[in-house]
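Novice: 3D, please:
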Amino acid sequence: MISVEPLFEIPDTVHVGRLPVDVDGGLVKKFFASCGEVTDLQIHTSLTGGIAGHSYAFVRFASSASLESTLRLQMS
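Specialist: Numbers count the residues shown, from 1 in each chain. All right, here's what the predicted structure looks like:
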């Protein structure tokens, strides 16, 4: 299961962890677009440390309402 946490340092942005290494950025953007307009998506892969062999992403939204919608989505 993925993890989604807000980034307080970067407004309207969430950190998405525990993604598979071969994650499709288009699918990630489409998934989060259901919560609101995605203005930026950055995907990184960790080959060492932490959870090796997994990817993580930073998803930035056009508004804080979209961010709040994303956090509610994880809780359901």
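Novice: From here on, just use CA atoms for contacts and neighbour counts.
Specialist: OK.
Novice: Name the single longest helix found in this structure.
Specialist: helix 64-75 (DSSP state H).
Novice: Check which helices and strands it sits against.
Specialist: Packing partners of helix 64-75 (3 or more Cα pairs under 8 Å, 6 or more residues apart in numbering; DSSP states H and E): strand 3-6.
Novice: how distant is the strand it packs on from the center of its chain?
Specialist: 7 Å (Cα atoms, centre = their mean, to the nearest Å).
Novice: residues near V16, how many?
Specialist: 18 (other Cα atoms under 10 Å).
Novice: next one: V21
Specialist: Other residues close to V21 by other Cα under 10 Å number 16.
Novice: OK, contacts around it?
Specialist: By Cα atoms under 8 Å, 6 or more residues apart in numbering, the contact set of V21 is T45, G53, H54, S55.
Novice: Closest one of these to G25?
Specialist: Closest approach between the contacts of V21 and G25, by Cα to Cα: S55, at 10.8 Å.
Novice: Is that closest one bridged to anything, and to what?
Specialist: In this entry, S55 is beta-bridged to L19, T45, by DSSP bridges.
Novice: I'd say it and I43 touch.
Specialist: Yes: at 6.8 Å, S55 counts as touching I43 under the criterion of Cα atoms under 8 Å.
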